[in-house]
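Asks: I would like to see how this sequence folds:
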Amino acid sequence: MKKLTLYSMTILSLMLLTSCEAVETIFKAGMWWGIILVVGVVGILLWLFSRGKNS
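Replies: You can find the predicted model right below:
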């Protein structure tokens, strides 16, 4: 009986909690910041290398 109660509470909490949505939003924001930073760093490196070849 104790096992059944633990399982039912676990299933009930998984269905009712919406923390997955918060985590999903955080990871989406993190992903976009990561993409922006990588594109920025690659752009700066390309600019530095192209500047060095012109001299």
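Asks: tell me the confidence at residue 48?
Replies: Residue 48 is assigned a pLDDT of 91 by the prediction.
Asks: tell me which element residue 9 is part of?
Replies: Assigning secondary structure by DSSP states H and E places residue 9 in helix 2-16.
Asks: check residue 41 too.
Replies: Secondary structure assigned from DSSP H and E places residue 41 in helix 19-54.
Asks: show me what that helix is packed up against.
Replies: Helices and strands in packing contact with helix 19-54 are not found; criterion 3 or more Cβ pairs under 8 Å, 6 or more residues apart in numbering; DSSP states H and E. No exception for glycine: its C-beta is placed from N, CA and C like everyone else's.
Asks: change the start of the numbering to 693 and stick with it
Replies: In the new numbering, first residue 693, that becomes helix 711-746.
Asks: check which residues of it are buried.
Replies: Judged by neighbour count using 16 or more other Cβ atoms under 10 Å, helix 711-746 contains no buried positions.
Asks: return the distance of residue 698 relative to residue 704.
Replies: As for residue 698, its distance to residue 704 is 11 Å (criterion: Cβ to Cβ, to the nearest Å).
Asks: likewise for residue 733?
Replies: When Cβ to Cβ is applied, the distance between residue 733 and residue 704 equals 46 Å.
Asks: residue 722 now?
Replies: Applying Cβ to Cβ, the value for residue 722 to residue 704 is 30 Å.
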